[in-house]
Structure formats: C-alpha cells, structure tokens
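Asker: please find the sequence and the predicted model below.
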Amino acid sequence: MAISFSSQDITFDLKEKRKVRQWITQVVKSYGKKVGEIGYLFCSDSCLIETNRTYLNHDTYTDIITFDYVEGNIISGDIMISVERVRENANAFNASFDTELHRVIIHGILHLLGQGDKSAEEAAEMRKKEDEALAVWNTIV
C-alpha cells in the first residue's frame, strides 16, 4: 500500500500528509476495499487541460482527472488535481481552500470506488459521499 503526493509545474506541498493517508485508508476500508498504489499529482490548470485533451479528448478545464487502475478489491490509480482550479472553486463555493482541496482529494477516491458523477443523480450521490468522507476527516487526530 502506498499513497504518494507530488507536484508538477507548480510549487505545492500538501499539509498533513500522514493524516490525509490515514483518512483515505479509512474511507476506502469503509467501502470494504483495500488501498493499493494511489498517486496524487498537484499541478496547474494548463497541465491538467493538456492531459484532458491528450488522454480524454476533452477540451475543458477541470479540477481533477482520475486514472483508474483498480483490480478487484485493491483501489489503485493516479489522480491529478489542478490547485488553481481548486482555489477558484473554493472562492466560488465560499469554502476554505483546505476544505475544497479535501473534497477534491476524496472525489478522486470515490471515483476509484466506483462512484460516477455524469448524471444529476450520480452527482448528487457523489456530493453526499464527499460530505460523509469530509465528516470522517474531522474525526482523525
């Protein structure tokens, strides 16, 4: 099991890495799954949109792209997060940067756990599960 954090084309250092790893592991276990190899890459909007264009044929800005390498009950994947987009969304949703960042971090995990967000119903369920996971964050010491 390994959850790693790195950055590309920006300077970003995730706070409380140990707590974030513990939180992700706890959320994954609550779904009856195990953590495999999960890599987070924090980057700029330009880096993320280029990846979106190259690998997904989408020409839109987004806060996160999740590459799913899940095998059975082992949750693995690469998750790219635009720090710029997270900061903009935090302002738009009147949330703190840290809260929005944690929401996006767990959003990627929920995708790896099989939660979609394409339809309005899926998006509402995703939001509910994000909120549940954020409540767990607040219980971790």
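Answerer: It's in.

Asker: for stretch 44-54, the averaged confidence score.
Answerer: What stretch 44-54 shows for mean pLDDT is 92.

Asker: phi first, then psi, for the residue lying closest to residue 113 once chain neighbours are set aside.
Answerer: In this structure, residue 113 finds its nearest non-sequential neighbour in residue 31, 5.1 Å apart by C-beta to C-beta, 6 or more residues apart in numbering. Using the backbone N, CA and C atoms, a C-beta is placed for each residue, glycine as well. Residue 31 adopts backbone torsions of phi -100, psi 10, taken as degrees, to the nearest 10.

Asker: pretty sure residue 3 sits against residue 35.
Answerer: Yes: Residue 3 is within contact range of residue 35, at 6.5 Å (criterion: C-beta atoms under 8 Å).

Asker: run a quick neighbour tally on the residue nearest to residue 113.
Answerer: 16 (other C-beta atoms under 10 Å).

Asker: and for residue 74?
Answerer: Residue 74 has 14 neighbours, counted by other C-beta under 10 Å.

Asker: brilliant, that's me finished.
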